[in-house]
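Novice: Sequence first, predicted model second:
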Amino acid sequence: MMVNTEGRERIQVTIQPSKKEPPLRNTEYYLFAEEHYALQKAEKSLSKMIGVTQVKEFIREMYALVYVNQCRGKLNLEAAQQNLHMMFIGNPGTGKTTVARILAQMLKDMNILEKGHFIEAERADLVGEYIGQTAQKTRDLIKKASGGVLFIDEAYSLARGGEKDFGREAVDALVKAMEDHQHTFILILAGYPAEMKKFLRLNPGLPSRFPNILHFQDFTNEQLLDLFKRMVKERDYECTDQLTKKVAAHFQVRTLENTKSFNGRYVRNMIEKIIRRQALRLLKEGKIDKQSLVTLEAGDFVEEEQRENHKGGSL
């Protein structure tokens, strides 16, 4: 563009369009790239669970740790193999086993685990009845878990029985295997908070061998109600408003009594009891139509029975 001045001179002015800055990359969107399929698959499985905010963050951290280390290796940077042994701490029914299975599958998809199979074990699978049997049973179990995940629930049970109990021998064998076969399998120990704290004192080498600790939080009353509604819907049933209010009030007992075992297992068993009572009611009424078959009513939930079952330890 030419601009005239007061004299005869002309000045040429060139106007160029402003340079656009590249848009900032949405980091959440980037995680949906095809290369992060393993994480997407894990998070899809987690989305079916209630109250997993901290768990989801832990899974992302584990994925990022492994993925970035793999990227370093491709660029010839130092990429030492990580210690992926873990400890899951939480009350019963909070999803520890389910999350362990999801994690095993994710690490298999990332080619960290050769097989990715999941072996769930308890005290009886490791502890023998006489001297020498325990160490061999533990070694056999570890060999079986090679290329996958060995999940030991209620791991603190290995500490029971005093100084002469063979459970200590199993723990010693596990500690040795974690050192000798650190990258051929992943060990996940799970248990209740107070008991696991005591368990860690059993062997001085235990705490340092578990850099990855995930705490599973108890469900809130709102989460318990959401879980109840989801489980009912999955079974193709519907709740009347009266039943929903009655169940919500029942969960408030958790706050008053500080009941730790109001969990997923508790809710699942409670629904089974409600469905059985609904079936009996329909049989007595002789009313078998589609709406009746899917409707759960307030009378199908006998709170007194549920409390007795809960106190009796049947869950």
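Specialist: Cool, got the structure.
Novice: Let me see the ranges of the helices in the stretch 151-300 of the chain.
Specialist: 167-180, 193-199, 221-234, 241-251, 253-257, 264-285, 290-294 (DSSP state H, counting those that start in this stretch).
Novice: Which one of those helices has the poorest average confidence?
Specialist: The weakest mean pLDDT among the helices of the stretch 151-300 of the chain belongs to helix 253-257, with a mean of 70.
Novice: domain assignment for this protein?
Specialist: 33-216, 221-307 (automatic domain parsing).
Novice: of all these, which gets the most neighbours per residue?
Specialist: Greatest average neighbour count among those goes to domain 33-216 (a mean of 17), per mean count of other Cβ atoms under 10 Å. Quick note: C-beta positions are derived from backbone N, CA and C, even for glycine.
Novice: what about the stretch 51-200 of the chain, any weak spots by pLDDT?
Specialist: 161-164 (pLDDT under 70).
Novice: what about the strands in it?
Specialist: 86-90, 118-121, 149-152, 186-191 (DSSP state E, counting those that start in this stretch).
Novice: about what we covered before: right, and the helices of the stretch 151-300 of the chain - which one's nearest residue 155?
Specialist: helix 193-199 (6.1 Å; Cβ to Cβ).
Novice: Skipping adjacent residues, who's closest to residue 207 in space?
Specialist: Of all residues not flanking residue 207 in the chain, residue 200 sits nearest, at 5.2 Å (Cβ to Cβ, 6 or more residues apart in numbering).
Novice: Oh, that last question was meant for residue 246, not what I typed.
Specialist: Closest residue to residue 246 apart from its sequence neighbours, by Cβ to Cβ, 6+ apart: residue 298 at 5.0 Å.
Novice: and the gap between that neighbour and residue 225?
Specialist: For residue 298, the distance to residue 225 equals 15 Å [Cβ to Cβ, to the nearest Å].
Novice: again, but for residue 126
Specialist: With Cβ to Cβ as the criterion, residue 126 and residue 225 are 39 Å apart.
Novice: Quick check: closest non-adjacent residue to the spatially most central residue of the chain.
Specialist: Of all residues in the chain, the one closest to the mean position by Cα atoms, centre = their mean is residue 99, 2.8 Å from it. Closest residue to residue 99 apart from its sequence neighbours, by Cβ to Cβ, 6+ apart: residue 55 at 5.6 Å.
Novice: Tell me how far the one you found lies from residue 232.
Specialist: 23 Å.
Novice: Please apply the same query to residue 222.
Specialist: For residue 222 relative to residue 232 (Cβ to Cβ), the value is 16 Å.
Novice: Can I get the strands of the stretch 51-200 of the chain in TSV including distance to residue 270?
Specialist: Below are these laid out as TSV (distance: least, Cβ to Cβ, whole Å):
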stretch	distance to residue 270
strand 86-90	20
strand 118-121	25
strand 149-152	26
strand 186-191	24
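Novice: quick one: which of those strands is nearest residue 111?
Specialist: Nearest of those (Cβ to Cβ): strand 186-191, 13.7 Å.
Novice: Residue 116 touches residue 107, doesn't it?
Specialist: Yes: if you go by Cβ atoms under 8 Å, residue 116 and residue 107 touch, sitting 6.6 Å apart.
Novice: Mind listing the shared neighbours of these two?
Specialist: Shared contacts of residue 116 and residue 107 (Cβ atoms under 8 Å, 6 or more residues apart in numbering): residue 149.
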